[in-house]
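>>> A predicted structure for the sequence below; I have some questions about it.
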Amino acid sequence: MIGGRFSIAGLVGAVVLASIVVGTLLAPWLAPYDPLAMDYQSQFLPPSLTHPFGTDLFGRDVFSRVLFGARTSLSVGVLAALLAALPGLVVGLMSGYYGGWLDHVVMRTTDLVLSFPSLILALGIVAILRPGLVNVTLAVGLAGIPAYVRLVRSSVLTVKQELYIEAAHAIGCRDPRIVLRHVFPNIAASVLVLATMDIAWAILRATSLSFLGLGAQPPTPEWGTMIDEGREFLRLAPWVSLAPSSVMMLAVLSLNLVGDALRDALDPRTGSE
Amino acid sequence: MLSFTLRRLLSTLVVLWAVVTLTFFAIRLLPGDPATVLVSQAGGSAQDIAAVRQQLGLNDPLAVQYVRFLGGLIQGNLGVSLVSRRPVADAIVEQLPHTLALATSATFLALLAGIPVGIVAATHRGSWIDQLCIALSVLGFSMPILMSGLLLMLLFSLLLGWLPATGQGSWRHLVMPALCLSLASSATIARLVRTQMLEVLPQGYITVARAKGVVERVILWRHALRNALIPVITVIGLQFGSLLGGTVVTESLFSRRGLGRLVVDAIFWNDYPLIQGVVILGAAIYIAVNFLVDVSYGLLDPRIRRG
Amino acid sequence: MNRFLIVFTLLSMLLVSCGGQPSESSLVYGLTLTPSGIDPHVDASSELGIPLTSVYDPLVWLTPEGEFVAGLAEEWEISDDGLTVTFHLRDDVTFHDGTPFNAAAVEFSLDRIADPATRSLKARGMLGPYDRTEIVDDYTVRVHFTEPYAPFLTSLSTVYLAMVSPDAVSQWGAEYQFHQVGTGPFMFDEYVPRDHLTLVRNPDYDWAPDFFDRQGPPELERVTFRFYPDVATRALALQSGEADVMGEVSPQDAVRLDQSPDYALTPVSIPGQPLQFFVNTQRPPLDDVRVRRALIYAVDRQAIVRTVFKEYSLPAYGPLTRPTFGYDPRVEGMYEYDPQRAAALLEEAGWIDADGDGIRQQDGVPLRLETILMGWGYIPEVGQMLQDQLRRVGMDMDSREMTFSNAVSDVADGRYHLAPFVFSSSDPDIIRTTFQSDNIDGGFNWSKFADPQLDAWLDEGRRAIDPEARRAIYGEIQHHLMEQAVILPIRDYVNLNVAGAHVRNLRYDRQGWFPWLYEVSLAEE
């Protein structure tokens, strides 16, 4: 499906992303220490061969925590993006394809949801559901649905005008078949691009919620919580928050680069020639 | 035109009513009874809590409270904060200018950085400059405000001593928070400008202009950018809402006043009237800004004005 | 496009407010939380007392040594039955608005606190069984109680029972918190919520108590209080010169600043209750006192204090902190860190790790404690260490960090084993709030501990006018509470105040929170 070439930035992003994902999967074997094991005597040891990213307030190995934190943070990002994309896709398809009162209701509802600042919305959802990773994922995901609904709906509206859809109608194809076989493949690409970038966005959003004390529950290693915990010691032990935030930046950066490259590769108008 | 505006206004009002209603009922799902929260912080007894519940009217049926709230709202009365006992409107009016100042200057900075980067990237499409611009803008997007804020503070306040780290009072206090807040939007704007420019540049009227010998700079800034900006403005409208949300973190980090912190505290303390007030106001601003965005289309694209 | 940019530029410029330069002998004092309201009769925060202690004079002062000396009252007598206290007032004191301070002002102030319409969150409780104030003459009042109330003088020495100007309160009504008028060395100038609070010198101040280093008006002309809710930026604001004094600096920053000659650290231990986890005594397995005791033995408080709070805090061993009246050092020996003993107690109670997963079980149920954490005061950090230490004796801990509102609702539903809180208070009577059986449902008895003997002692302690008898009662109470192991004490709360070296004579009252800014002077820089 991805025709043509990936840009260099996109390739770099893909490689970095792939290594982070591999690191995440192999965390139990790669991590030199138990990410939860405390050793009070080793508080704030600077990076060294034994502790590549140093140690934190409790003498825990920051490198191991960053590795395991990747599991938490990436899962939050992927799940939240899925949670936004799947319902958004279904609702957007139906709304765009059938139009009429359904479309009207859907559009007014997304207007409604969009008029709440999204962080405040997520904050409110977490406050109601109670803090914790699962609820953060839910909140960030739910707050992201309208963006997909709008994207999918407008793509469907464009696709609907195409001749081959009319042709499909003419030869008696039923609606679900038309939507699945003809409309969906045309918008899958843009949804994929949005979802890739959304993973990055969800990771960042989860960080904000962690800062407000609503994120992952200690001692679960999670990037946002680790960054926040370390901020207080930034001058004493900068590695505690710089290590997770650098890795997180790399992850978000590579997700965005990959997303960009996907978009360029999928959309001939903006792609590199 | 007039009937269009009226219809739009009506649908805006309906959305606003839905926001109000949704907010009213949703915040009552917050775990924890406000009276208990209020009294508990001072170590009050069970008896005190019952008394405060009665005083706050929290014993009335929800429907009665809703009608009372809606009635007040129509008269422009947002109620009284449970925690500070001050009119919600006063609390908001105090904080609003600070948040608006932050959000607008962040938007301004985002445009200031985003538009040139986007144009340069577009005109050098595919080259290393393009790649660099993209990478730079994505970098801005990737940095959590928690980190960028603290690093800026260390650099500009502690090391260089150029800017105050916290608080408000002058434009110098605004620089770092606005910069932090603008990073993500400037990245979005840069990418959008690039995409739009790439779409506009190959079009007929640009080719015509080139053929007529119009200077390239004029083509870029006058002809191409003008058309490329329409979606940018839409996005700014959409992002203004998320900027208001983004101020939550920025304001806490830089010890600034503002609506963001006001609403977080209100949520933490279950201060129903205050949450209602801020959320409704936020939604109203968002709706208004997007209304203005619609209007500004006409200014930028004569075709829409005529149509 | 240009139009668009210009509009935004103008808007941003318009909206940025302009600030003035501070004058010479002014001080900027950094506060932590933004208090919700700052009327001392109504609101409860400690933050409000930090500025307002300098706006109001108390009827009686509590000296750093713990003695009561004359304030706005020159003398006082407590009746033999303990039901009335008679105050002879100074006749040369005026409020900042020029009205005279007299018996009517005392009556007005105390009645205002007692009036249910005031909705007092803290002061009403501190006033105890107050009945009424009788005006004997212009400068003599008699305060009547329905039963003897030992903490009264201590309460009176705090800002919460402030003597307010009746004229000002009548004039401003609900807005009084923005226009407060007292008799103190500083006058209330301006309060902009969430931004700053300013006090200015009272040039007519001439009634300072003898134990202060100076007399007459204060040296500082102006004190501005600003709010720094994010702990990571507090030391930064101090070091970049934006604040002269900063409260509640993080322990790690305190260590760093303490080593610098440019800063002076003043750690102040706060009376009241320590940072403690209430142990839900009604929920299994914590209904078994052996498990509760094992819990305390299993926790290495020294290690927690060393790691998180540094050398400034002392580990807590009982329900009261060391500087509190009636603190009984006997509790210190009751639970030395002893994981073996904890393990033995757990075995005795029938909790054994049969499947070898490191967590003990009984009848197939794992030993697992649900713990509420709140995001302030290093509670999440303490929680993580607790989890680590409890696991070493085979107890699993499941912690949930939440907002105070969520915690209150979870506590109401009984959905917790351990829940943390700190209460600062001028008087040991505070433990009625947390341990009297009346406060189990809806109140703050989060240990859900009901004990008639304890209830009786708590009432007795409140009524005992004789200090020595009182001390003995609270000694029994502390001992009893720890024998029943109803709390897991962690550390005495210590407020780490850091000031620039140019700030001289900064000291704090016995509440620990409140600075006596009256004495402060600034060295030439």
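Looks like it arrived, so ask away.
>>> So for residue 34, what's the pLDDT?
No chain specified, so I'll use chain A. If you check residue A:34, the pLDDT there is 94.
>>> my bad, chain C
Taking residue C:34 on its own, its pLDDT is 73.
>>> Next up, the contacts around it.
Taking Cβ atoms under 8 Å, 6 or more residues apart in numbering or on different chains as the contact definition, residue C:34 lies against B:261, B:265, C:47, C:193-194, C:227, C:229. Yep, even glycine has a C-beta here, placed from its N, CA and C like the rest.
>>> of the residues you listed, buried ones?
Buried by 16 or more other Cβ atoms under 10 Å in any protein chain shown: B:261, B:265, C:47, C:193-194, C:227, C:229, out of the contacts of residue C:34.
>>> rewinding a little: any chance of TSV for the contacts of residue C:34, columns pLDDT, distance to residue C:99 and secondary structure?
Listed next are the contacts of residue C:34 as TSV, based on pLDDT from 0 to 100; distance: Cβ to Cβ, whole Å; DSSP: H, G, I helix; E, B strand; the rest coil:
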residue	pLDDT	distance to residue C:99	secondary structure
B:261	83	37	helix
B:265	85	36	helix
C:47	89	28	coil
C:193	85	27	coil
C:194	81	31	coil
C:227	89	31	strand
C:229	82	37	coil
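>>> Now render the residues you listed as CSV, adding distance to chain A.
Formatted as CSV, those follow (distance: Cβ to the nearest Cβ, whole Å):
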residue, distance to chain A
B:261, 10
B:265, 11
C:47, 19
C:193, 20
C:194, 17
C:227, 17
C:229, 11
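>>> between these, which is nearest residue C:389?
residue C:229 (30.3 Å; Cβ to Cβ).
>>> ok, so what distance separates that closest one from residue C:247?
12 Å (Cβ to Cβ, to the nearest Å).
>>> Would you mind listing the residues touching both of the two?
By Cβ under 8 Å, 6+ apart, the residues touching both residue C:229 and residue C:247 are residue C:32.
>>> Please list the outside residues in contact with the host helix or strand of residue C:61.
Assessed by DSSP states H and E, residue C:61 sits inside strand C:60-62. Here strand C:60-62 makes contact (Cβ under 8 Å, 6+ apart) with C:68-71, C:73, C:76, C:153-154, C:156-157, C:209, C:211, C:426, C:509-510.
>>> Between those, identify the one with the most neighbours.
When neighbours are taken as other Cβ atoms under 10 Å in any protein chain shown, the top entry among those is residue C:156 (28 neighbours).
>>> how far away is the closest residue to that one other than its chain neighbours from chain A?
Nearest residue to residue C:156, sequence neighbours excluded (Cβ to Cβ, 6 or more residues apart in numbering or on different chains): residue C:59, at 4.9 Å. Distance from residue C:59 to chain A, counting by Cβ to the nearest Cβ, to the nearest Å: 41 Å.
>>> residues contacting residue C:59?
Listed by Cβ under 8 Å, 6+ apart, the contact partners of residue C:59 are C:71-73, C:76, C:87, C:89, C:106, C:156-157, C:161, C:163.
>>> and those, which of them are in helices?
C:106, C:156 (DSSP state H).
>>> secondary structure class for residue 44?
Going with chain A. Secondary structure, DSSP: H, G, I helix; E, B strand; the rest coil: residue A:44 is coil.
>>> should've been chain C
Residue C:44 ends up coil, using three-state DSSP.
>>> Run through the strands of the stretch 401-525 of chain C in chain order.
Assigned by DSSP state E, counting those that start in this stretch, the strands in the stretch 401-525 of chain C fall at C:418-421, C:487-491, C:494-500, C:503-504, C:521-522.
>>> Give me the contacts around the third one.
Put plainly, it is strand C:494-500. Residues contacting strand C:494-500 (Cβ under 8 Å, 6+ apart): C:235, C:238, C:244-251, C:253-254, C:257-258, C:262-270, C:309, C:312-314, C:506, C:508, C:512-513, C:515.
>>> Adjacent strands (with direction) for that strand?
strand C:245-246 (antiparallel), strand C:263-269 (antiparallel) (DSSP bridges).
>>> What of the fourth one?
Strands flanking strand C:503-504 in the sheet, each with its direction: strand C:521-522 (antiparallel) (DSSP bridges).
>>> Greatest separation within the contacts of residue C:34: which pair is it?
B:261 and C:47 (15.1 Å).
>>> And the residue in the stretch 351-500 of chain C that chain A sits nearest to, how far from residue B:253?
Relative to chain A, the nearest point of the stretch 351-500 of chain C is residue C:375 (3.4 Å; Cβ to the nearest Cβ). Distance, residue C:375 to residue B:253, using Cβ to Cβ: 15 Å.
>>> Have a look at these two and say which one is more surrounded.
residue B:253 (26 against 17).
>>> give the contact list for that one.
Residue B:253 neighbours (Cβ under 8 Å, 6+ apart): B:145-146, B:149-150, B:177, B:180, C:230, C:233.
>>> Now do the residue most central in space within chain A against residue B:152, distance only.
By Cα atoms, centre = their mean, chain A has its centre lying nearest to residue A:199, at 1.1 Å. Using Cβ to Cβ, residue A:199 is found at 26 Å from residue B:152.
>>> One more: residue A:208?
17 Å.
>>> who's more crowded, the two?
A direct count of neighbours by other Cβ under 10 Å for residue A:208 and residue B:152 places residue A:208 higher, at 25 against 19.
>>> Tell me if I'm right that that one and residue B:249 touch.
Yes - judged on Cβ atoms under 8 Å, residue A:208 makes contact with residue B:249 at a distance of 5.1 Å.
>>> Quick check: neighbours shared by those two?
Common contacts of residue A:208 and residue B:249, defined by Cβ under 8 Å, 6+ apart, comprise A:119, B:145-146.
>>> where exactly do the strands run in chain B?
For chain B, no strands are identified by DSSP state E.
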